[in-house]
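>>> Structure here, sequence nowhere to be found:
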């Protein structure tokens, strides 16, 4: 075969391959897209082009929704924020509704419950009107097909009848409350600069403020300023702010006058907060119980119902917001634990010193036959240890001696660091005093004057004395030893709280 003939055949093969690619592969995608567009009930529109929707909800309300400045609003029967997810589902269902087939011939829409008047016999089971660029369109939804469980549909403008999969019209069958935005507030938690919480009408107010230098004070961005000045627990403040910002309405109260005035007048909790850049506080109030929920006045005269247990999301006791963190470190960074115990006798002689280190085989000690699994659990508990209460912000040495803190009955230090080759860091440094099976264990951080209390159940997992360490942490102690009973001594006896 001559080179010229070979070249011609190569060109023909290339052209044939290009034709197959364009027609069979890319052309197939275009034909599929065209077929999908042809099958739609409404052609040539996109969901984001729908500006308004009107329908009668399952609970009988004639509702109109409008898209304003990029968000959906309910404008009839009341003005309120609409649920964006629900409205987007409706507009997507309208714009992309595919037919499964069409009813041939000139058929009467009344035979399929597709009449233009839903109130008349044979009228549409559901009628949804919507607007695109000022033009009103509509969808009529009729009865279920006798075979296959589909639904008959027709456009508002003509009587051509088609049928669609039943689930595709579920978006239109909602109660009015399901189409409203249940978010009670729309602020961001990071914008809150101050929050106040008080129980009842005249209850003591707990006021928390964000420090002006919050960015430079990690872990101490918030302080309690009333009823007294104290360091706040960051996690507790974040939680209450999140509970408020993400509060959801259980139901809506559009006619407050229909609610018993005594229930509206009742005050279970008062809330106020200030956002960055605003000069005045926003206020809200949790009132009485009505219709299975709590009345919530989100703004003066505007009410919703929230779940009754939401009251628990906003503690009004100052102790709930006080800093009670005893230790907080990355569990993987702990490499060494030091324990120092004193005898219970007045001589305060050394009872036991233990140094435990983390090796490849686990925690081990040359001083004590410790249980490595128990030591692992201890370090895990210490990595996120929080007291259950505060006994006092400051105490004199005599008072601390009465609590077994001067000198301490036991000292515990955890050392380590994220980088095993880097400098050793002090991760936790605690002082343990008296333990009482009813009141708990008194504890002090080495870097704070505050006297904390740990409830008995949590304290049992800590090495608060030499006896308890031998019983609970040594290899044979936990299985064979019997812990000596502690004397019945109230660790808070003779000590006045804050």
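Nice, thanks for sending it over. All figures in this text were calculated on a predicted structure; none of them were measured in a lab. Residues are numbered from 1 along each chain as shown.
>>> nearest spatial neighbour of residue 109, skipping sequence neighbours?
residue 159 (5.1 Å; CB to CB, 6 or more residues apart in numbering). Yep, even glycine has a C-beta here, placed from its N, CA and C like the rest.
>>> How many residues are close by that neighbour?
16 (other CB atoms under 10 Å).
>>> Tell me which residues touch it, please.
107, 109, 114 (CB atoms under 8 Å, 6 or more residues apart in numbering).
>>> Filter those residues down to the buried ones.
Those of these that meet the buried threshold are 109, 114, by 16 or more other CB atoms under 10 Å.
>>> just the contacts of residue 159: which has the poorest pLDDT?
pLDDT is lowest at residue 107 among these; the value there is 91.
>>> So that residue lies in a strand, does it not?
No - membership of residue 107 in a strand is not supported by DSSP: H, G, I helix; E, B strand; the rest coil, which gives coil.
>>> Surely it and residue 162 touch.
No - applying CB atoms under 8 Å as the test, residue 107 and residue 162 come out as separate, 11.3 Å apart.
>>> Residue 197: what's it in contact with?
Contacts of residue 197 (CB under 8 Å, 6+ apart): 205, 206, 240, 269, 270, 271, 314, 315, 316.
>>> Let's see that with 6 Å instead.
206, 271, 314, 316 (CB atoms under 6 Å, 6 or more residues apart in numbering).
>>> Please produce JSON lines containing the contacts of residue 159, extended by distance to residue 99.
Output for those, formatted as JSON lines (distance: CB to CB, whole Å):
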{"residue": "107", "distance to residue 99": "15"}
{"residue": "109", "distance to residue 99": "16"}
{"residue": "114", "distance to residue 99": "14"}
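>>> Which one of the contacts of residue 159 is nearest to residue 434?
residue 114 (81.5 Å; CB to CB).
>>> From the contacts of residue 159, pick the one nearest residue 293.
The closest of the contacts of residue 159, once distances to residue 293 are taken by CB to CB, is residue 114, at 39.6 Å.
>>> gap between that closest one and residue 313?
Between residue 114 and residue 313 the computed distance is 48 Å (CB to CB, to the nearest Å).
>>> and what of residue 401?
41 Å.
>>> Among the two, which residue is more densely surrounded?
residue 313 (17 against 13).
>>> contacting residues for that one?
If you count contacts by CB under 6 Å, 6+ apart, then residue 313 has residue 243 around it.
>>> Dihedrals phi and psi, it?
phi -80, psi -10 (degrees, to the nearest 10).
>>> cool, and residue 308?
phi -60, psi -40.
>>> and it, what pLDDT?
94.
>>> if I read this right, it contacts residue 294, doesn't it?
Yes - in this structure, residue 308 is within contact of residue 294 by CB atoms under 6 Å, at 5.1 Å.
>>> These two: which is more packed in?
residue 294 (23 against 15).
>>> Just to be sure, that one is in a strand?
Yes - assessed with three-state DSSP, residue 294 lies in a strand.
>>> Could you check how far it is from residue 239?
For residue 294, the distance to residue 239 - CB to CB - is 19 Å.
>>> same thing with residue 389?
With CB to CB as the criterion, residue 389 and residue 239 are 18 Å apart.
>>> now residue 47
For residue 47, the distance to residue 239 - CB to CB - is 37 Å.
>>> Now stretch 76-88: buried residues?
Quick answer for stretch 76-88 (16+ other CB under 10 Å): 82, 83, 86, 87.
>>> which residues touch it?
Counting by CB under 6 Å, 6+ apart, 61, 64, 65, 72, 73, 74, 179, 180, 181, 254 sit against stretch 76-88.
>>> Let me see the mean pLDDT of that stretch.
96.
>>> Pull out the buried positions in the top strand by length along the chain.
Across the chain, the longest stretch assigned as strand under DSSP state E is strand 425-436. Residues of strand 425-436 classed as buried by neighbour count (16+ other CB under 10 Å): 427, 428, 429, 430, 431, 432, 433, 434, 435, 436.
>>> any chance of these in TSV, with distance to residue 258 and pLDDT too?
Below are the buried residues of strand 425-436 laid out as TSV (distance: CB to CB, whole Å; pLDDT from 0 to 100):
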residue	distance to residue 258	pLDDT
427	59	96
428	57	97
429	60	97
430	57	98
431	60	97
432	59	97
433	58	96
434	58	95
435	57	95
436	54	93
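>>> Can you tell me which of these is nearest residue 458?
For the buried residues of strand 425-436, the nearest to residue 458 is residue 435 (11.3 Å; CB to CB).
>>> Can you tell me the closest non-neighbouring residue to the closest one?
Using CB to CB, 6+ apart, the closest residue to residue 435 is residue 441 (4.5 Å).
>>> same thing with residue 242?
Residue 242 sits nearest to residue 189 (CB to CB, 6+ apart), 5.8 Å away.
>>> wait, doesn't the one you found sit right on residue 241?
Yes - between residue 189 and residue 241 there is a contact at 4.3 Å, judged by CB under 6 Å.
>>> okay, the two: which has more neighbours?
residue 241 (20 against 17).
>>> Please tell me how far that one sits from residue 187.
Residue 241 is 9 Å from residue 187, by CB to CB.
>>> With residue 202 instead?
27 Å.
>>> okay, those two: which has more neighbours?
Neighbour count, other CB under 10 Å: between residue 202 and residue 187, residue 187 has more, with 15 against 9.
>>> Residue 273 is in contact with residue 191, isn't it?
No - counting by CB under 6 Å, residue 273 does not reach residue 191; the two are 9.5 Å apart.
>>> Same drill for the two, tell me which one is more crowded.
residue 273 (24 against 15).
>>> sorry, back to before: ok, the residue nearest to residue 435 - contacts?
Contacts of residue 441 (CB under 6 Å, 6+ apart): 435, 454, 459, 464.
>>> Narrow the contacts of residue 197 to those that are buried.
206, 271, 314, 316.
>>> residues contacting the last one?
Contacts for residue 316 (CB under 6 Å, 6+ apart) come out as 197, 199.
>>> Would you mind measuring from it to residue 388?
From residue 316 to residue 388 the distance is 18 Å (CB to CB).
>>> Likewise for residue 372?
Residue 372 is 28 Å from residue 388, by CB to CB.
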